[in-house]
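[1] Coordinates for the following, if possible.
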Amino acid sequence: MTRSTLLPLLFSLLTVPCFAQNHEELAQKAQDAYNRKDYANSATLFSQAIKKGGLDANNYYNAACSYALAGDKENAFKFLDQAIRNGYVNTAHLKEDSDLDPLHADQRWPQMVANSESTGNRLKRFWDGPALKTPYKPDLTTNEKVAGLSKLWSEAKFSFVNFDLVPELDWDSLYMAYLPKVTATKSTAEYYTLLTAMVAQLHDGHSNVNGPGELSNTLYARPAFRTRLVEDKVVVVTIWDNDLRKQGLKEGAELLEIKGMPVKEYAEKYVRPYQSASTSQDLDTRTYEYALFCGPLDSVVNTVFADEKGKRFNFPVKRIPVAENGKYTRPAYQLSWLKDSIALVALNTFASDEAAQSFLKDFDVISKASAIIFDVRNNGGGSSDVGYEVLRCLTRDTIATSSWYTRDYRPAYRAWGNSEGRYGYGSGGVTPNEKYCYTKPVVVLTSPRTFSAAEDFAVAFDAMHRGLIVGEPTGGSTGQPMFFSLPGGGNARVCAKHDTYPDGKEFVGVGIQPGMVVKPTLGDLRKGKDTVLEAAIAELRKKSK
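    Okay, the predicted model is just below:
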């Protein structure tokens, strides 16, 4: 049995009474005993931790595991039953956990599994019950609209972790202001657009509203090109459909007008108020790149562009179905070679483990590089573990990862007039790869599109002092979003976990700051040059002399 099967122990940041041994200390000693395979002692210590007030379901579960490994089935079943009663609902883990193998032959085991599944289903119904999961219809009822607004308000009220970053926001007053607005909507599309604007006022990149699938091509269709704010001008940076080039659109063209309005005026009125972002750089990215042309598939957007010589031309923008966007996404991993044997490794997404697995597969070749440049400028996140798998190959030391906390709302404490606390965990540690270790120079490229798990990668890299970060500040938003359903088939999420650097330094709401700030220039873009990459290469050459 490996340590990884034992559920992690999380420690409260609340002030605790000064006992000779409080429940947290006892739980830690229990875990240490477990790691030494002293299972009987571990079980006793977990039991003592529970008696001292450590009533978390994980303590009960870990006690059950230790009792099972110690050969005490009676206590193992007793504590497993209590774990389930206290909210342990990870049935898949329970069934696969080899710690509990000694219990499988007992006639009580099937009932334990059934109880866990039953408890899990009950909690799902409580938090995200079917009553508010009404099916899509073109226009929801007034009751559905109010219920959805109320659910959105309440989930954020008790779960959103970053209210301290929006101190001027009166969430209750906002709810009251939106009640008449949502009841006045004439369609489900209009209703979800309003909810989107409400959540945007949390100013958090991991707190959003998503409309029903039936409205995807009404709300989220986009053209097969992207614009971006470069040197305060909105310019075309990427064209995926060659037919657009044949029609006269080119990278570097400046967008001047949309629907007869100056582009920035249009964006401020019709796009920016609906974007959830934690920083100004992320807000600009969402406004001018991701969402500027979002809208109905069946409509054409009249625009005016100017070429690099300033000549204006009209261009009718047509959107493509949302389902076709996948054709134009970048590969998760790209390896290319620059001059002087520099390896350029683009890690474009951590949505799957493809980026890490491909890097490991190519490591023998990459290890011969004089330097590695990791490009995460277009990485919107996914699983942090994917990025950590890459970083493990760059050091022989343990890697410190982000610290985090969540809100610790205790109704009884509120009734007693006590303030809400925080429940968190210090910096985690990722062990180095025992097989691979690259020791030569490394650079990481970042941008405002570097987001979420890609920022976790950049934070850990920065804390390693392994190399330079070059480019622009990152999006400034990571954490654990909590999803929940809304009437009509849509859903929403609010950020429930706040991350910091290992030492507590903030980057949410700020962005990770590069050691060398370099911003793209319009001149380089029109010449096909990568301003940021060129700066990174020049820095590597300077250090190699």
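[2] where does this protein dip in pLDDT?
    1-20, 545 (pLDDT under 70).
[3] same thing but 90
    1-25, 27-28, 52-56, 87-89, 123-124, 127-129, 325-329, 423-429, 542-545 (pLDDT under 90).
[4] Find the nearest non-adjacent residue to the most centrally placed residue in it, please.
    Nearest to the mean C-alpha position of the chain, by Cα atoms, centre = their mean, lies residue 452 at 4.2 Å. Distances taken as Cβ to Cβ, 6 or more residues apart in numbering put residue 381 closest to residue 452, at 2.7 Å, once the chain neighbours are dropped. For every residue, glycine as well, the C-beta is placed using N, CA and C.
[5] same check, this time on residue 278
    Closest residue to residue 278 apart from its sequence neighbours, by Cβ to Cβ, 6+ apart: residue 477 at 4.1 Å.
[6] which residues sit in contact with that neighbour?
    Contact analysis of residue 477 by Cβ atoms under 8 Å, 6 or more residues apart in numbering lists 204-206, 277-279, 282, 451-452, 455, 495, 508-509.
[7] repeat that for 7 Å
    204-206, 278, 282, 451-452, 508 (Cβ atoms under 7 Å, 6 or more residues apart in numbering).
[8] so it sits in a strand?
    No: counting by DSSP: H, G, I helix; E, B strand; the rest coil, residue 477 is not part of a strand but coil.
[9] How much space separates it from residue 125?
    31 Å (Cβ to Cβ, to the nearest Å).
[10] now swap in residue 258 and tell me
    Distance, residue 258 to residue 125, by Cβ to Cβ: 45 Å.
[11] ditto for residue 274
    As judged by Cβ to Cβ, residue 274 and residue 125 stand 32 Å apart.
[12] ditto for residue 543
    Distance from residue 543 to residue 125, by Cβ to Cβ: 59 Å.
[13] what's around the residue nearest to residue 452, how many residues?
    24 (other Cβ atoms under 10 Å).
[14] so where do the strands sit in the stretch 301-450 of the chain?
    Ranges of strands within the stretch 301-450 of the chain are 312-318, 333-338, 342-347, 371-375, 399-400, 403-408, 421-425, 429-430, 442-446, based on DSSP state E, counting those that start in this stretch.
[15] wait, which of those is closest to residue 235?
    For the strands of the stretch 301-450 of the chain, the distance to residue 235 is smallest for strand 312-318, at 13.3 Å, taking Cβ to Cβ.
[16] The closest one - contacts with which helices or strands?
    Applying 3 or more Cβ pairs under 7 Å, 6 or more residues apart in numbering; DSSP states H and E, we find strand 312-318 packed against strand 300-306.
[17] Quickly run through the sheet partners of the strand it packs on, with directions.
    strand 254-258 (antiparallel), strand 312-318 (antiparallel) (DSSP bridges).
[18] what does the longest one contact?
    Contacts of strand 312-318 from elsewhere in the structure, counted by Cβ under 7 Å, 6+ apart, are 223, 248-249, 256, 293, 300-306.
[19] ditto for stretch 401-408
    12-14, 161, 388, 420-428, 430, 456, 459-460, 496-502, 504.
[20] which among those residues end up buried?
    Buried by 16 or more other Cβ atoms under 10 Å: 12, 161, 388, 421, 423-425, 427-428, 430, 456, 459-460, 496-502, out of the contacts of stretch 401-408.
[21] quick one: which of those sit in helices?
    388, 456, 459-460 (DSSP state H).
[22] can you pull the contacts of residue 175?
    Contact partners of residue 175, counting by Cβ under 7 Å, 6+ apart, are residue 153.
[23] nope, residue 440 is what I was after
    Neighbouring residues of residue 440 by Cβ under 7 Å, 6+ apart: 370-371.
[24] next one: residue 535
    Counted by Cβ under 7 Å, 6+ apart, residue 535 has contacts 470, 516, 518.
[25] before we move on, which element is it in?
    Secondary structure from DSSP states H and E places residue 535 in helix 531-544.
[26] Now do that helix: distance to the chain's middle.
    Its chain's C-alpha centre and that of helix 531-544 lie 30 Å apart, by Cα atoms, centre = their mean, to the nearest Å.
[27] again with stretch 111-118
    31 Å.
[28] now swap in stretch 475-484 and tell me
    On Cα atoms, centre = their mean, the centre of stretch 475-484 falls 5 Å from the chain's centre.
[29] What separation is there between residue 329 and residue 319?
    From residue 329 to residue 319 the distance is 17 Å (Cβ to Cβ).
[30] Compare neighbour counts for these two and give me the winner.
    The residue with more neighbours, out of residue 329 and residue 319, is residue 319; 21 against 12, by other Cβ under 10 Å.
[31] That one reaches residue 298, doesn't it?
    No: here residue 319 lies out of contact with residue 298, judged by Cβ atoms under 7 Å, at a distance of 8.4 Å.
[32] Quick one: residues in contact with the helix or strand residue 95 falls within.
    Assigning secondary structure by DSSP H and E places residue 95 in helix 91-96. Applying Cβ under 7 Å, 6+ apart, the contact partners of helix 91-96 are 100, 113, 116-117, 120.
[33] Now the buried members of those.
    100, 116-117, 120.
[34] now, which of those sits nearest residue 196?
    residue 120 (30.7 Å).
[35] doesn't that closest one fall inside a helix?
    Yes: judged by three-state DSSP, residue 120 forms part of a helix.
[36] Can you tell me the closest non-neighbouring residue to it?
    residue 89 (3.4 Å).
[37] Quick one: residues in contact with the helix or strand hosting residue 157.
    Here residue 157 sits within helix 142-159, counting by DSSP H and E. Helix 142-159 has contacts (Cβ under 7 Å, 6+ apart) with 132, 134, 171, 175, 178-179, 182-183, 185, 191, 195, 199, 202, 409, 482, 484, 486-488, 492, 494, 496.
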